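*Asks:* Below are the sequence and a predicted model for it; my questions follow.
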Amino acid sequence: MPTPCDLTGRGILVTRPKGQAAGLSHLIEAAGGRAIPFPTLRIEPTADPEAARRRLLEPMDLLVFTSRNAVDHALPLCPGGRLPAAARLVAVGKATAEALAAAGRAPDLVPAGRYDSEALLALPELQDLRGHRAVIVRGEGGRPLLGETLRARGADLAYAEVYRRVLPEVDAAALLARWEREVHLVTATSGEILANLIYGPSCLSLEYALALHGLIPERVETVTSDTSGRAKRFDTPDGTFIYEPLPPRCYPHGIVSRSTADGRTYLVALPEKALCDIVLRRFDGKKPEELALFL
């Protein structure tokens, strides 16, 4: 089978979590490249498995899986390692559907063509959910769109959070030392993930985070982040990335992980933190009436 591109002599940084990078690494090597593993995320079981286990035992009409990780981490919490027989199974995407089928039950509902929450929500079967109990199986702090929409359509909704995403403890010094010589391309599936990757530790914040949370109407072109390091600015073909420093004691508070449509995860400030960051940086030392006008 012909390869889609020629990567001969190129080093490709693979940022997928350990255990999920083999497929991409194989494709890179089949195209003549060299896969350089550098996971920017680690997937772990939830810290509270009993809460998820109880949720999966409850009566339900719909059991919605948001990712392959959700399937893999839910199965050990199900009685006998088997999915509930009574509920209709729903998968957000193709990989999730394949994981469910491998676990013994193919999903009853899965979108065709496009695999994300928006495509799933467009299915006719999910338009009127009055009188239906739905459980979404996901990672901690997952994307809110799916749950909010199902609830708005009448579903009695609950979450079973079966895994969590944590930052791996890695020493990047050796990689940085050979970066210019060996790394030619970096894999990232969204601008948000790229922002976390370009410079760290960092999390999306300020105006860009408020736009992500839907709290400001205008489009924010510059990707703004907090960092516990030094101030940085990177002008790239994919946009401008600005990192503004916070004292290390303040940086880690109010940060959550969010998922892209394909299940990849990035770090972003909560709305309250993003707003406080704006006030701290944009209005420090200015007159109180200017701050009042902004708020």
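*Replies:* Now that the structure is in, tell me what you want to look at. Numbering: from 1, shown residues only.

*Asks:* Strands along the stretch 51-200 of the chain, start to end?
*Replies:* Counting by DSSP state E, counting those that start in this stretch, the stretch 51-200 of the chain has these strands, from start to end: 62-65, 88-91, 133-139, 156-166, 185-186.

*Asks:* List the buried residues for the fourth one?
*Replies:* This means strand 156-166. Buried residues in strand 156-166, counted by 16 or more other CB atoms under 10 Å: 157, 159, 160, 161, 162, 163, 164, 165. All C-beta atoms are positioned from the backbone trio N, CA, C, and that covers glycine.

*Asks:* Show me how far it is from its chain's centre.
*Replies:* Once both centres are worked out by CA atoms, centre = their mean, to the nearest Å, strand 156-166 turns out to sit 13 Å from its chain's centre.

*Asks:* Which strands or helices does that strand pack on?
*Replies:* strand 42-45, helix 49-57, helix 68-74, strand 133-139, helix 145-152 (3 or more CB pairs under 8 Å, 6 or more residues apart in numbering; DSSP states H and E).

*Asks:* still on that earlier bit, tabulate the buried residues of strand 156-166 (a markdown table), appending distance to residue 64 and pLDDT.
*Replies:* Formatted as a markdown table, the buried residues of strand 156-166 follow (distance: CB to CB, whole Å; pLDDT from 0 to 100):
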| residue | distance to residue 64 | pLDDT |
| --- | --- | --- |
| 157 | 9 | 96 |
| 159 | 10 | 95 |
| 160 | 10 | 95 |
| 161 | 13 | 94 |
| 162 | 12 | 95 |
| 163 | 15 | 92 |
| 164 | 19 | 87 |
| 165 | 19 | 78 |
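
*Asks:* out of these, what pair is the most spread apart?
*Replies:* With CB to CB as the measure, no two of the buried residues of strand 156-166 lie farther apart than 157 and 165, at 21.8 Å.

*Asks:* Past the host helix or strand of residue 242, which element shows up next along the chain?
*Replies:* Applying DSSP states H and E as the criterion places residue 242 in strand 239-245. Next helix or strand after strand 239-245 toward the C-terminus (DSSP H and E): strand 255-259.

*Asks:* mind showing which ranges of the protein have poor pLDDT?
*Replies:* For the chain, the stretches with pLDDT under 70 are 1-4, 143, 167, 170-171, 189, 259-264, 283-295.

*Asks:* Would you mark the buried spots in the longest helix along it?
*Replies:* The residue-count maximum for a helix in the chain (DSSP state H) belongs to helix 271-282. For helix 271-282, burial by neighbour count (16+ other CB under 10 Å) applies to 273, 274, 275, 276, 277, 278.

*Asks:* I'd say the second one and residue 205 touch.
*Replies:* So that's residue 274. Yes - look at residue 274 against residue 205 with CB atoms under 8 Å: they come within range, at 4.9 Å.

*Asks:* The nearest residue to residue 270 once chain neighbours are set aside: what's it in contact with?
*Replies:* Nearest residue to residue 270, sequence neighbours excluded (CB to CB, 6 or more residues apart in numbering): residue 254, at 4.6 Å. Residue 254 makes contact with 269, 270, 272, 273, 276, according to CB atoms under 8 Å, 6 or more residues apart in numbering.

*Asks:* quick one, phi psi at residue 254?
*Replies:* phi 80, psi 30 (degrees, to the nearest 10).

*Asks:* Please apply the same query to residue 34.
*Replies:* According to degrees, to the nearest 10, residue 34 has phi -120, psi 120.

*Asks:* Which strand residues bridge it?
*Replies:* Beta-bridge partners recorded for residue 34 (DSSP bridges): residue 11.

*Asks:* hang on, isn't it packed against residue 13?
*Replies:* No - taking contacts as CB under 8 Å, residue 34 lies outside contact range of residue 13: 10.2 Å.

*Asks:* Those two: who's more crowded?
*Replies:* residue 13 (19 against 16; other CB atoms under 10 Å).

*Asks:* tell me which element the more buried one is part of?
*Replies:* strand 11-14.

*Asks:* One more: residue 203?
*Replies:* strand 202-204.

*Asks:* contacting residues around that strand?
*Replies:* Strand 202-204 is touched from outside by 192, 195-196, 212, 223-227, 229, 243, 255, 266-269, with contacts defined as CB under 8 Å, 6+ apart.

*Asks:* Would you mind checking those residues for buried ones?
*Replies:* For the contacts of strand 202-204, buried by 16+ other CB under 10 Å: 192, 195-196, 212, 223-227, 243, 255, 266-269.
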